[in-house]
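# generate a structure from the sequence data that follows.
(chains A, B and C)
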Amino acid sequence: MSILNGLNSEQRKAAEKIDGPLLILAGAGSGKTRTVTYRIAYMVLEKEISPYKILAVTFTNKAAKEMKIRVESLIGIEAKKVMISTFHSFGVRLLRVHATKLGYDANFNIYDADDQKKLVGRLMKELVITNKQLTPASVVSKISKYKEDGDEPSDITKEAYNTDTKVIAAVYEKYAEELIKNNAMDFADLLINTNKLLDDPEVLEKIQDRYEYVMVDEYQDTNNIQYQIITKIARKHKNICVVGDEDQSIYGFRGANIRNILDFEKEYKDAMVVKLEQNYRSTQNILGAANSIIKLNTTSRGKNLWTEKDKGNLIEIFSASDGRAEADYILQEVIKGKNNGRSYKDYTILYRTNAQSRVFEEAFLRHRINYKIFGGMQFYQRVEVKDILSYMRVINNPKDTVSLFRIINVPKRKIGAKTIEKIKDFADENEIMFFEAMGRVEETKLGSAIKVTVFRLYEMLNKIIEESQFLTASEIYDMILEKTNYMNYLTTYDDKFEARIENVKELRTSIQEMEDSEEYEGFINIGEFLERTALVAATDDLEEDTDYVKLMTIHNSKGLEFPVVFLVGMEDELFPSAKADFSDDDLEEERRLCYVAITRAEEKLHISHAFERMVYGRISYMREPSRFLKEIDEKYVDYVNKSKIVSKNINLENKKNKLEGLNIITKADFKVDSKSPFKIGEKVTHKKFGTGIIKDVEVGKRLVIRFRDGDKKLPLILAEKFLIKE
DNA sequence: TATATCGTTGTTTTT
DNA sequence: CAACGATATA
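Below you'll find the model as predicted:
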């Protein structure tokens, strides 16, 4: 009796193929994790492969954790010997051992986007960059792209064809140097440097022999560096199993290359390909809707997802007058469901951008409904939390000037930009690190009072550093808070200080929890702790049992499933994003994102859009329903507002309906002013304001036109000159 | 050097 | 709307 009896025939075929290359094309909800975990169990239990020889790579900690738990439930304690890890943690692990080979110390810090921006901003100041178009954020994003594509600064400098590119190349070069000086790596470096390490024949051989069997989850989301890492490790034994779904490739913007999965068979000519097409998650209607959309993509290799489940409910489409009404509708649905035996935890709201969470948060707060937002402003990114983490990072790695500069005047110590500059000059002259220069502040040209202040800080940090190797992370946290009197400082910070104090306390709790966990058995050192905080993902702490409504971006929902899903904000320019309007590739990625969203739902899917919504604090009018709404085959949907999506000439101010929270779409009754060439309700284009709709014609005088960013009043004479009728 | 105030600017999506 | 930076003022 084989353990594989628990699988369907296709899953089984995939699980049994242990040697040689294997591509598992796993449609949404097709039991991918089940297949992979059974495959591992089969290898260990029935093929007598040592669990130490198996490497399984995922993208998020949550996925890794789940895989571990499920393997453990199949094979017990042996599961701990299988290396199941995210790409980034796997890399970090290797890098800690071999850091010196690349010019780093083992205790390197990991820089997040925020740190990158800070550092790049500093370098841009030093290089005196005049182009206002180039912001630290935009330069960071360019640099990251280069890094993901494997371009070194010198490659860019060589090929730089315009001044902007030259400037960016210069920043990139300094940035790369500075990272090494700071003994820090950004996210891209974790992969790039891992890949570099594998160019060392000794390291490579060791890894290849250690991991004879390699598995990669979500292969459609691998970028070129990840592809290289995997290819190198698997080159020797060729036992590579990749699992993925090209229709769920949604990370192109961060370098994911969909070709990796599409070309797998070209790369490995003898690869076995298994398609998992039976879906165990969703109803027929949900699957039908998903299929009707994704088939419009040219990158889709076509699959036939099917289910034994019932047709289920139709997908409910709700047209709201504005964002508030949309939130109210969902609120009502949740309350209704709760009264009919559903739990809050059955509901999940999915949106395209983090900013959209706000309206829902407010609605839930008003009605005291438990909810939790995943992603967005991360806990570890909050000012007060990041402050403490920065102290810890300086203690872990005093070369880290990004962290050191962050806390050097927090709490306020009167150490300002001028002081920092002078210490920095001294450090540069003597070729010592900034932190060391603080210790020798006596030799600088600073005033005597500030010298004392700087030296005190140096001494304080140094004392903690000296003791830190014997201390656990929570003890270091305690020392920092005590010696800086940070809580006291927070009370004077702003009017949200109470919440901030809570967050700092919560940080203490999170350290404690990690310490107490099985993995660390009471002791976690500061480096391990910092690493954990740097590599957390938004949904890592998602708890299935806690009774709250979940809110997250569609990106964060990948790999998850929920009984009832509300897909909200289905409007053009929001979803698909306005930025994806110009290229087919981008549009297809947006469509895949839509496919991911729909296939998260198990039993019931609601889709909604609003005609007006607050964007950037102003009201955006006349919002078009998303093209994706129109792409769903009609037979799967039910328009709860009793009207199909006809987006032209909508009466926007149907107050009565607004009051009820429901907006029935009706045709506007247009007034006609026979004298004017312009009529109320007509769509017009203005070269500056874009398209608008005529709201009012003041006879013989002027027009009131509602544009996207508000009402404008145009005298008739000007209107005749500047308006184009559609 | 710290603080107050004003103006500008931006938002995809994330390990 | 907020976060951030530039500028003015103490």
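
# what segments of the stretch 301-450 of chain A are helices?
Secondary structure of the stretch 301-450 of chain A by DSSP state H, counting those that start in this stretch: the helices cover A:323-339, A:357-366, A:383-396, A:401-407, A:417-429, A:434-439, A:448-468.

# neighbouring contacts of the second one?
The reference is to helix A:357-366. In this structure, residues lying in contact with helix A:357-366 by Cβ atoms under 8 Å, 6 or more residues apart in numbering are A:323-324, A:326-328, A:330-331, A:349, A:351, A:370-371, A:373, A:376, A:549, A:551, A:568, A:614. Where C-beta positions appear, they are placed from N, C-alpha and C, glycine not excepted.

# filter those down to the ones near DNA strand C?
Checked against DNA strand C using Cβ under 7 Å from any atom of the strand, the contacts of helix A:357-366 yield the following neighbours: residue A:614.

# measure how buried the residue lying closest to residue A:59 once chain neighbours are set aside is and give me the count.
Of all residues beyond its chain neighbours, the one nearest residue A:59 is residue A:218 (5.1 Å), with distances taken as Cβ to Cβ, 6 or more residues apart in numbering. A count of neighbours around residue A:218, defined by other Cβ atoms under 10 Å, yields 26.

# for residue A:218, grab phi and psi.
phi 50, psi 50 (degrees, to the nearest 10).

# residues near the residue in chain A that DNA strand C sits nearest to, how many?
Closest to DNA strand C within chain A is residue A:617: 2.5 Å, counting by Cβ to the nearest atom of the strand. Close neighbours of residue A:617, defined as other Cβ under 10 Å, add up to 5.

# now do residue A:73
Count around residue A:73 with other Cβ under 10 Å applied: 11.

# per-residue pLDDT, it?
Among the per-residue scores, residue A:73 holds a pLDDT of 93.

# how about residue A:699?
The predicted local distance difference test score for residue A:699 is 40.

# and if you look at residue A:234?
Residue A:234 carries a pLDDT score of 94 in this model.

# in contact with residue A:602, which residues?
If a contact means Cβ under 8 Å, 6+ apart, then residue A:602 has A:281-283, A:286, A:561-564 as its contacts.

# swap in residue A:287?
Here residue A:287 is in contact with A:279, A:305-307, A:599 (Cβ under 8 Å, 6+ apart).

# ranking by neighbours, what's the top pick from the contacts of residue A:602?
When neighbours are taken as other Cβ under 10 Å, the top entry among the contacts of residue A:602 is residue A:286 (30 neighbours).

# that one: helix or strand, and which one exactly?
Under DSSP states H and E, the secondary-structure element containing residue A:286 is helix A:284-294.

# and the helix or strand containing residue A:56, which strands flank it?
When elements are defined using DSSP H and E, residue A:56 is found to belong to strand A:54-58. In the sheet, strand A:54-58 lines up against strand A:83-86 (parallel), strand A:213-216 (parallel) (DSSP bridges).

# so that strand, near DNA strand B or not?
No - for strand A:54-58, no contact with DNA strand B is found by Cβ under 7 Å from any atom of the strand; the gap never falls below 8.4 Å.

# could you give the average pLDDT over that strand?
Averaged over strand A:54-58, pLDDT sits at 95.

# quick one: buried residues of that strand?
Across strand A:54-58, burial judged by 16 or more other Cβ atoms under 10 Å covers A:54-58.

# you'd agree residue A:563 is in a strand?
Yes - note on residue A:563: a strand contains this position according to DSSP: H, G, I helix; E, B strand; the rest coil.

# next one, pLDDT for it please.
For residue A:563, pLDDT reads 95.

# do the same with the one 5 residues further on
The predicted local distance difference test score for residue A:568 is 95.

# hang on, the earlier thing: with distance to residue A:526 as extra columns, can I get the contacts of residue A:602 in TSV?
Below are those laid out as TSV (distance: Cβ to Cβ, whole Å):
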residue	distance to residue A:526
A:281	42
A:282	45
A:283	49
A:286	47
A:561	37
A:562	37
A:563	41
A:564	42
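
# which SSE is residue A:169 in?
Take DSSP H and E as the rule and residue A:169 turns out to sit in helix A:163-181.

# count of neighbours near the closest residue to residue A:148 other than its chain neighbours?
If you skip the residues right next to it in sequence, residue A:148 has residue A:255 as its closest partner in space, 3.4 Å away by Cβ to Cβ, 6+ apart. Residues near residue A:255, counting by other Cβ under 10 Å, number 20.

# residue A:55 contacts residue A:214, correct?
Yes - at 5.1 Å, residue A:55 counts as touching residue A:214 under the criterion of Cβ atoms under 8 Å.

# identify the contacts common to these two.
Counting by Cβ under 8 Å, 6+ apart, the common neighbours of residue A:55 and residue A:214 are residue A:233.

# what is the neighbour count of the residue of the stretch 601-726 of chain A found nearest DNA strand B?
Nearest to DNA strand B in the stretch 601-726 of chain A, going by Cβ to the nearest atom of the strand, is residue A:616, at a distance of 4.2 Å. When neighbours are counted by other Cβ under 10 Å, residue A:616 registers 8.

# contacts only, for residue A:285.
Contact partners of residue A:285, counting by Cβ under 8 Å, 6+ apart, are A:311-315, A:636.

# how much space separates residue A:274 from residue A:164?
Noted for residue A:274: a distance of 47 Å to residue A:164, by Cβ to Cβ, to the nearest Å.

# one more: residue A:301?
Here the criterion is Cβ to Cβ. By it, residue A:301 lies 38 Å from residue A:164.

# same check, this time on residue A:10
51 Å.

# between these two, who's got more neighbours?
Remark: of residue A:10 and residue A:164, residue A:10 carries more neighbours, 19 against 16, as counted by other Cβ under 10 Å.

# name the SS class of residue A:273, please.
For residue A:273, the reduced secondary structure class is strand; criterion used: three-state DSSP.

# ugh, typo on my part, it should be residue A:280
Classification of residue A:280 by three-state DSSP places it in coil.

# per-residue confidence for it?
pLDDT, the model's per-residue confidence, is 94 for residue A:280.

# the one 10 residues further on too?
Per-residue confidence (pLDDT) for residue A:290: 94.
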